[in-house]
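Student: The following block contains a protein sequence and its predicted model.
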Amino acid sequence: MDTLNNMRVFVSVVDYGTFTAAAAAMRVTTASVSRAISDLEANVRSPLLHRTTRRVALTAAGERYLPRVRQILADVEDAQAEVLDADIHASGTLRIHAMTSFAQHYLIPAIAGFRRLHPDVAVDLTLSQRVPDLLDEGCDVALLLAETPVGTGLVGRGLGTVASVACAAPAYLARAGTPKTPEALLDHPCLQLLSPVFPLDEWVFEPTEGGAPVRIRVPAAPFTVNVAEAMRAAIEAGMGVGLLPVYAALAGLRGGTLVRVLPGYQLPALPVQLVYPSRRDGDAKIRAWEQYLSRTLPAAMAADSAEALDLTSVAA
């Protein structure tokens with residue numbers, strides 16, 4: 001039994017005064033209207049209407065029941081309109097999770113541009129160095145770096161890649177010498193960035209001129225940290241050689257406080273994914289955010305990578 005539909009029929013009969021008029025207004029048969037009222041009365045276990053040959057009238061139970069039914073139907077219509085609006089118009093709060101350094105460099109400017117286009121969307125941004133559980137933590141979307149598989153119930157959208165570089169401070173290289181091959185790094189303190197971005201114990205260098213990748217088993221690090229900006233500060237302080245995503249290295253390369261080592265090699269690019277629960281793929285604010293990032297983020301990351309390589313070639 002469709003109780004909501006029967007409620008609508010009940011209200012229509014009251015408003016139009018007869019079963020026949022209500023049936024005409026709803027474009028159904030009089031028999032179906034009569035059946036709906038009978039089913040509704042059976043469900044509430046009380047007669048709701050006095051039936052006469054010319055008109056119907058509310059019983060005492062019907063008089064109590066009618067205002068509640070009108071409110072229920074109004075609430076249902078409001079809920080449907082709200083959901084429909086959410087599917088069409090980007091509004092509400094968008095809860096985003098991202099890695100700290102990546103968000104500071106790319107997402108804050110992206111959010112500013114996004115909100116200029118979608119001022120009805122508020123953004124709640126959470127930064128951390130871990131992969132969140134979107135389904136349990138109430139996040140709408142997450143920006144993930146590295147080869148993180150998309151789990152059951154999630155949708156992943158690739159947004160490009162982030163390049164990374166091995167860096168050292170000019171003063172450190174003047175003191176300790178510049179490594180010419182990946183194997184030469186074993187004679188230097190290798191600083192470790194603790195994050196999903198880089199493996200802890202193996203660095204992979206791919207020759208830019210072609211050839212097999214060189215894998216270096218990194219010895220125990222004298223310094224570890226979990227935020228790229230802090231790693232950059234440690235490298236600039238002359239503590240050793242470390243790996244940095246280009247967005248964290250770029251300011252130091254521009255200013256000369258960092259130098260890329262092993263410019264004849266490149267590190268594997270790190271894929272960037274936008275991930276969100278599949279049950280929310282109809283949400284207009286998520287759809288709008290995905291479309292905005294797909295238009296802006298890949299170009300921004302590519303531009304940073306190209307600039308980093310240009311600055312490296314000048315320094316080398």
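Tutor: On my side now, so go ahead. Residues are numbered from 1 along each chain as shown.

Student: pLDDT weak spots in the chain?
Tutor: 1, 53, 78-88, 133-136, 146-153, 195-200, 279-282, 312-316 (pLDDT under 70).

Student: Please point out which parts of stretch 51-63 sit buried.
Tutor: 56, 58, 62 (16 or more other CB atoms under 10 Å). Yep, even glycine has a C-beta here, placed from its N, CA and C like the rest.

Student: neighbours around residue 295, how many?
Tutor: 11 (other CB atoms under 10 Å).

Student: And residue 219, how far from residue 233?
Tutor: 22 Å (CB to CB, to the nearest Å).

Student: Restrict stretch 160-180 to CA atoms and write it as CSV.
Tutor: C-alpha atoms of stretch 160-180 as CSV (Å, rounded to 0.1, in the frame of the first residue of the first chain):
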residue,chain,number,x,y,z
GLY,A,160,47.3,14.6,-13.3
THR,A,161,50.7,14.0,-11.7
VAL,A,162,53.1,15.8,-9.3
ALA,A,163,56.8,15.7,-10.1
SER,A,164,59.4,15.4,-7.4
VAL,A,165,63.1,16.2,-7.2
ALA,A,166,66.1,15.3,-5.0
CYS,A,167,67.5,18.4,-3.5
ALA,A,168,70.3,19.7,-1.3
ALA,A,169,71.6,23.1,-0.1
PRO,A,170,74.4,24.8,-2.0
ALA,A,171,76.5,25.1,1.2
TYR,A,172,76.0,21.4,1.9
LEU,A,173,77.1,20.4,-1.6
ALA,A,174,80.1,22.7,-1.4
ARG,A,175,81.1,21.0,1.9
ALA,A,176,80.2,17.3,1.1
GLY,A,177,80.5,17.2,-2.6
THR,A,178,77.8,16.7,-5.3
PRO,A,179,76.7,13.2,-6.0
LYS,A,180,77.0,12.3,-9.7
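
Student: Any idea what the residue nearest in space to the middle of the chain is bridged to?
Tutor: Residue closest to the average C-alpha location in the chain (CA atoms, centre = their mean): residue 141, at 1.9 Å. On the basis of DSSP bridges, residue 141 is bridged to residue 96.

Student: Could you pull up the residues touching it?
Tutor: Listed by CB atoms under 8 Å, 6 or more residues apart in numbering, the contact set of residue 141 reads 94, 95, 96, 97, 134, 274, 275, 276, 286, 289, 290.

Student: Equivalent analysis for residue 54, please.
Tutor: With CB under 8 Å, 6+ apart as the criterion, the residues that contact residue 54 are residue 18.

Student: distance of it from residue 253?
Tutor: In terms of CB to CB, residue 54 sits 90 Å off from residue 253.

Student: swap in residue 28?
Tutor: Plainly put, residue 28 is 73 Å away from residue 253 if you go by CB to CB.
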